[in-house]
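# Sequence first, predicted coordinates after that:
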Amino acid sequence: MVYRFEKWGSGAVFTIDRPEKRNAINDEVMDALSDAIKAAGDDESLRYFVITGEGRSAFCSGGDLSEFHKLRTEEDAAPMLGKMADILLRLALLPVPVIALVDGHAVGGGCEIATACDFRIVREDVRCGFIQGTLAITTGWGGATHLLHKTGRQDTALRMLMEATPKRAPELLEAGWATELYTGDKFAALSRFTEPMERVHPSVHRAYKQAAVRRYIAGGLPERVREEVSACAKLWAADVHHEAVDRFLNKKK
Ligand SMILES: CC[C@H](C(=O)O)C(=O)SCCNC(=O)CCNC(=O)[C@H](O)C(C)(C)COP(=O)(O)OP(=O)(O)OC[C@H]1O[C@@H](n2cnc3c(N)ncnc32)[C@H](O)[C@@H]1OP(=O)(O)O
């Protein structure tokens, strides 16, 4: 299995389980995450939805380049990008707090997944970044749209996107992307984060999350995400993108 979806106290944890590929996202993981989000949305007893990665090397390394490099044209790329962008939008709009438990590097689409969550609990020694620019594309799963919507500083957000480099956890905290940093066991860190909120009735959490969802919708996020997908799909078709992916895939051969 390329994932696990398990109950965790009053929450549920989705674990991307492809450590041999640094938890890269392929169609199978997308479909599993989509199903998990549906189940979470239908579960009135759920208090939290948590997403994390297997192993300590990576939270998620983004799209599976060994699979997605076969997508050559704008028409090829748009359906894959749109599929994951829709899944991340549904993740963001879940009626409960959504927590990214970032216990390894989150790069590319992996950084987009964490950005779509309400909170990011980040291990203090990891690096996260929107490295799509190094492949001559933009974010394509809605990451830029979610980041620009959430962050208080547009200059900081644009700099993260345009530099396309992984940032150290303290920098991510300073930039307002990381909610808090931790060391040691990730589930102990998750408990420390959720415990204070557990003293509040879940109906209060759901009401506050609805306020955030209303702000998303008022901000036109679904349409803005669709436009981001289109922009990425256009850049995807360029030779400079395919050459950059080929260099990554051939780096060790
Ligand atoms: C809109 C989303 C967008 C898209 O879908 O295209 C993206 O997400 S673009 C960005 C795609 N992701 C990347 O470019 C990141 C590539 N990976 C890395 O930079 C590193 O692997 C890193 C920093 C995540 C971890 O580095 P580390 O040294 O710990 O591991 P290795 O690089 O040696 O990788 C181990 C093993 O995993 C394979 N791998 C890693 N990432 C991916 C990936 N995204 N897709 C496919 N395979 C990946 C890597 O090739 C190695 O395989 P091996 O067979 O052992 O050589």
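Alright, I've got the coordinates. Residues are numbered from 1 along each chain as shown.
# Are there helices or strands packed against the lengthiest helix in the chain, and which ones?
If you go by DSSP state H, the chain has its longest helix at helix 74-92. The helices and strands touching helix 74-92, judged by 3 or more Cβ pairs under 8 Å, 6 or more residues apart in numbering; DSSP states H and E, are helix 27-42, helix 109-116, helix 143-150, helix 221-236. Where you see a C-beta, it was placed from the backbone N, CA and C, and this is true even at glycine.
# Please identify the deepest-packed of those.
Among those, helix 109-116 has the highest mean neighbour count (mean count of other Cβ atoms under 10 Å), at a mean of 29.
# Downstream of it, the next helix or strand is which one?
Note on helix 109-116: by DSSP states H and E, the next helix or strand toward the C-terminus is strand 119-123.
# What lies in contact with the next helix or strand after that next one?
Per DSSP H and E, the first helix or strand lying C-terminal to strand 119-123 is strand 127-129. With contacts defined as Cβ atoms under 8 Å, 6 or more residues apart in numbering, strand 127-129 is touched by 59, 102, 105-107, 110-111, 114, 122, 160, 163-169, 172, 177-178.
# In strands, which of those residues fall?
If you go by DSSP state E, the contacts of strand 127-129 have 59, 102, 105-107, 122, 167-168 in strands.
# returning to that earlier point: columns distance to the ligand and mean pLDDT on top of the helices and strands packed on helix 74-92, output as CSV?
Below are the helices and strands packed on helix 74-92 laid out as CSV (distance: least, Cβ to the nearest ligand atom, whole Å; pLDDT from 0 to 100):
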stretch, distance to the ligand, mean pLDDT
helix 27-42, 10, 98
helix 109-116, 3, 98
helix 143-150, 8, 97
helix 221-236, 6, 98
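# Turn the ones you listed into TSV, columns for distance to A244.
Formatted as TSV, the helices and strands packed on helix 74-92 follow (distance: least, Cβ to Cβ, whole Å):
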stretch	distance to A244
helix 27-42	22
helix 109-116	15
helix 143-150	18
helix 221-236	11
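# out of those, nearest to L89?
helix 221-236 (5.7 Å; Cβ to Cβ).
# Next, the angle helix 74-92 makes with the next helix-or-strand element following the closest one.
On the C-terminal side of helix 221-236, the closest following helix or strand by DSSP H and E is helix 239-249. With axes from the mean of the first three to the mean of the last three Cα atoms, to 10 degrees as the basis, helix 239-249 and helix 74-92 are set at 70 degrees to each other.
# mind saving the C-alpha coords of helix 239-249 as PDB?
In PDB, the C-alpha atoms belonging to helix 239-249 read as follows (Å, rounded to 0.1, in the frame of the first residue of the first chain):
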ATOM      1  CA  ASP A 239      11.400  21.900 -23.500                       C
ATOM      2  CA  VAL A 240      13.100  23.700 -20.600                       C
ATOM      3  CA  HIS A 241      10.800  21.900 -18.100                       C
ATOM      4  CA  HIS A 242      11.200  18.400 -19.700                       C
ATOM      5  CA  GLU A 243      15.000  18.900 -19.800                       C
ATOM      6  CA  ALA A 244      15.100  19.800 -16.100                       C
ATOM      7  CA  VAL A 245      13.100  16.700 -15.200                       C
ATOM      8  CA  ASP A 246      15.300  14.500 -17.300                       C
ATOM      9  CA  ARG A 247      18.400  15.800 -15.500                       C
ATOM     10  CA  PHE A 248      16.800  14.900 -12.100                       C
ATOM     11  CA  LEU A 249      15.800  11.400 -13.300                       C
END
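# packing partners for it?
helix 65-68.
# which residues sit against the helix it packs on?
Helix 65-68 has contacts (Cβ under 8 Å, 6+ apart) with 21, 24, 26-27, 77, 80, 245, 248-249.
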